[in-house]
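S.K.: Have a look at this prediction, sequence included:
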Amino acid sequence: MTLSTRINETKYNVFKWRYELSIPKKLALALGFAALMGLVAQMKFFLPFTPVPLTGQTFGALFAGIALGTWWGGVSMALYVGLGAAGVPWFQGWQGGFAYLTGPTGGYIIGLIFAALFLGYFIDKFVR
């Protein structure tokens, strides 16, 4: 067995669990990652030159993309955005509602869906 084959096998084994999950389990994980996003969104750091604080949301979105893959990472972030727009108060500062998405951080929050999709795509592409 060559080194390249071993590396590819190891990469697959790290993520093998997520390929074997049923749809309800994947949906539960996506909802769990959306809730995790609600928690890490509360970690914030303000910068003097922008009204948009730095939060843990970037880490959460990228982690969802890595752990859940392309589609389910995107679904988890879509659940986060959709439920937050529906009124669940888990955006930064324990806020929620559609009006929050029309503010200065709305585009950033929508972009979290694409960040999870993008990173999940590359993880899926290079793991198999």
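M.R.: On my side now, so go ahead.
S.K.: can you list the weak-confidence ranges in this structure?
M.R.: 128 (pLDDT under 70).
S.K.: which residue ranges form the strands in it?
M.R.: Applying DSSP state E to the chain gives strands spanning 44-45, 54-55.
S.K.: Relative to Tyr121, which of those strands is closest?
M.R.: Proximity to Tyr121 (C-beta to C-beta) singles out strand 54-55 among those, at 23.6 Å. Using the backbone N, CA and C atoms, a C-beta is placed for each residue, glycine as well.
S.K.: now for the helix of greatest length in the chain, which elements pack on it?
M.R.: In the chain, taking DSSP state H as the definition, the longest helix is helix 57-85. With contacts defined as 3 or more C-beta pairs under 8 Å, 6 or more residues apart in numbering; DSSP states H and E, helix 57-85 has these neighbours: helix 3-19, helix 23-40, helix 98-101, helix 106-127.
S.K.: Would you mark the buried spots in it?
M.R.: 57, 60-65, 67-70, 72-81, 83-85 (16 or more other C-beta atoms under 10 Å).
S.K.: same question, stretch 37-50
M.R.: Residues Met37, Gly38, Val40, Ala41 are the ones in stretch 37-50 that count as buried (16+ other C-beta under 10 Å).
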